[in-house]
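Novice: Build me a model:
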Amino acid sequence: MDICFIKNRFSPVRKNLSPFEKIPLLTIRKIDICRPSCYNGSMKSTSNYYQERNLRNLDRIDELLQELPYFCEDFFRGVEQRTSTLTRLNYVYDLRIFFDFLCKKKYRGKEIRDLTLEDLEQITDTDIEIYLSYLSNYRFGDKRLSCDERAKARKLSTVRSLFKYFFNKGLIEVNNTAKVPTPKLHEKEIVRLESDEVSSLLDTAEYGSGLSEHASGYHDKTKVRDSAILTLFLGTGIRISELVGLNDESIDFSNNSFVVTRKGGNQAILYFSEEVGDAIAAYLAQKEADPRVPPEEHALFLSLQYRRITVRAVENLVKKYAKIVTPLKKITPHKLRSTYGTSLYRETGDIYIVADVLGHKDVNTTRKHYAAITEDHRRSVADKVKLHRTDDGN
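Specialist: Here you go, the predicted structure:
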């Protein structure tokens with residue numbers, strides 16, 4: 001196919017080309033021609049990743065349930081239709097700690113598997129308060145652990161769900177967990193990148209300046225992939241689980257869109273800018289030219305072992321570059337999402353658009369995180385208080 005035809009058909013001529021456009025246009029658009037995106041097909045293949053993840057979660061739940069009291073199986077069966085596998089897995093982890101506490105502090109000498117609903121019924125609100133205090137500094141297995149206020153609130157919510165379920169079923173007559181207030185949650189300051197830090201982060205990923213000698217050895221192999229990942233975070237506000245679950249077929253260059261699987265399993269079509277598209281296309285072109293990529297592997301972002309990249313690996317690569325650019329800020333993939341959300345709110349002033357793009361079910365969540373941009377206000381008044389008199393006496 002003539003390259004001029006491809007340029008005219010798929011990419012209007014633009015000035016100020018980005019660094020990602022160093023990849024030949026024929027290679028980039030060849031992906032779009034040879035592997036046309038079909039949303040039905042991409043949704044099916046993308047869902048396989050989440051189905052496999054759900055099966056792993058279910059296996060882990062079944063395994064851990066063997067450590068919990070017999071009645072927990074009824075609870076998990078009862079909440080199955082209204083919770084995700086990840087939520088139920090977190091329930092299991094929380095309940096392990098709760099029942100471990102009961103056997104250490106209230107029912108000393110009893111094994112967790114021997115606890116009964118009658119034991120559950122004897123739990124007082126004071127017991128729950130002691131449990132919350134216990135979570136500040138406790139041992140579980142070989143580890144010494146500590147929960148902050150948010151972790152305590154989540155664990156209390158899990159225990160409440162358990163008691164509420166059996167109380168509503170009439171299997172226990174009292175539910176004293178309802179008497180215990182949720183720990184007060186203090187607002188956390190939003191940590192995000194400023195515009196110059198965003199540029200520096202992307203430059204660091206592209207050129208590798210500041211990396212350790214060990215990290216520099218891998219940089220040439222991963223810089224195009226890492227640049228695409230960071231650009232996608234910063235240009236769309238995608239969640240890390242959504243990014244890891246993307247497949248090649250999820251991307252549609254004809255209208256700059258892609259399919260993501262949101263929390264709860266719902267799927268949505270999001271749109272990206274030309275700059276984001278260029279970064280993704282450059283990475284796809286690199287993958288297409290690499291004969292070591294397994295033909296059966298559909299994952300968009302691959303590890304150096306040519307398997308779907310993991311959440312932990314993405315967290316590590318974000319940390320690796322961010323600590324060079326802004327060592328005083330603890331930047332995570334979620335902070336890159338916050339950076340995008342804040343920038344989008346600044347540009348649009350529309351909290352509902354921000355909520356929709358980020359996939360927030362409740363706009364109040366969005367308003368709380370992005371409408372109050374307090375640091376900007378602090379900066380604007382920084383020079384309002386004068387410490388020395390000026391010549392005019394002020």
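
Novice: Walking through the stretch 151-300 of the chain, point out its strands one by one.
Specialist: For the stretch 151-300 of the chain, the strands defined by DSSP state E, counting those that start in this stretch cover 251-252, 257-261, 267-271.

Novice: how far is the shortest one from where the chain is centred?
Specialist: Taking the mean C-alpha point of strand 251-252 and that of its whole chain, the gap between them comes to 21 Å (CA atoms, centre = their mean, to the nearest Å).

Novice: show me what contacts the nearest residue to Gln286 once chain neighbours are set aside?
Specialist: Nearest residue to Gln286, sequence neighbours excluded (CB to CB, 6 or more residues apart in numbering): Val224, at 5.0 Å. Just so you know, the C-beta spots here come from the backbone N, C-alpha and C atoms, and that holds for glycine as well. Val224 makes contacts with 282-283, 286, as judged by CB atoms under 8 Å, 6 or more residues apart in numbering.

Novice: Need the winner for burial among the strands of the stretch 151-300 of the chain.
Specialist: Burial of those is given as mean neighbour count (mean count of other CB atoms under 10 Å); strand 257-261 ranks first at a mean of 22.

Novice: which other helices and strands contact that strand?
Specialist: Counting contacts by 3 or more CB pairs under 8 Å, 6 or more residues apart in numbering; DSSP states H and E, strand 257-261 packs against helix 39-65, strand 267-271.

Novice: With mean pLDDT added, can I get these in TSV?
Specialist: Compiled in TSV, the helices and strands packed on strand 257-261 are given as follows (pLDDT from 0 to 100):
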stretch	mean pLDDT
helix 39-65	76
strand 267-271	89
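
Novice: closest to Phe76 out of these?
Specialist: helix 39-65 (6.9 Å; CB to CB).

Novice: Which SSE is immediately downstream of that closest one?
Specialist: helix 72-79 (DSSP states H and E).

Novice: Quick one: list the elements packing against the next helix or strand after that next one.
Specialist: Later in the chain than helix 72-79, the nearest helix or strand by DSSP H and E is helix 85-105. Contacts defined by 3+ CB pairs under 8 Å, 6+ apart place helix 85-105 against helix 39-65, helix 72-79, helix 125-134, strand 138-140, helix 149-168.

Novice: tally of neighbours for the closest residue to Tyr131 other than its chain neighbours?
Specialist: Take Tyr131 and drop its neighbours on the chain: the residue closest to it by CB to CB, 6+ apart is Phe101, 5.4 Å away. Neighbour count of Phe101, defined by other CB atoms under 10 Å: 19.

Novice: isn't Phe101 right next to Arg139, touching?
Specialist: No. Taking CB atoms under 8 Å as the definition, Phe101 is not a contact partner of Arg139, at 10.4 Å.

Novice: Buried residues in the helix or strand containing Glu315, which are they?
Specialist: Using DSSP H and E, Glu315 falls within helix 311-325. Counting neighbours by 16 or more other CB atoms under 10 Å, one finds that the buried residues in helix 311-325 are 314, 317-318, 320-322, 324-325.

Novice: ok so, going back, of all the strands of the stretch 151-300 of the chain, which one is nearest Glu118?
Specialist: Of all the strands of the stretch 151-300 of the chain, strand 257-261 comes closest under CB to CB, at 42.5 Å.

Novice: That closest one: partners in the sheet, and parallel or antiparallel?
Specialist: If you go by DSSP bridges, strand 257-261 pairs up with strand 251-252 (antiparallel), strand 267-271 (antiparallel).

Novice: For Leu95, find the nearest of the ones you listed.
Specialist: Per CB to CB, nearest to Leu95 of the strands paired with strand 257-261: strand 267-271, 30.9 Å.

Novice: starting at the chain centroid, how far to the closest one?
Specialist: Distance, centroid of strand 267-271 to centroid of chain: 16 Å (CA atoms, centre = their mean).

Novice: Take it, keep the C-alpha atoms, and write them as CSV.
Specialist: What follows is strand 267-271, C-alpha atoms only, in CSV (Å, rounded to 0.1, in the frame of the first residue of the first chain):
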residue,chain,number,x,y,z
GLN,A,267,-17.0,-1.8,30.5
ALA,A,268,-16.7,1.7,29.1
ILE,A,269,-15.2,3.4,26.0
LEU,A,270,-12.8,6.2,26.8
TYR,A,271,-11.1,8.6,24.4
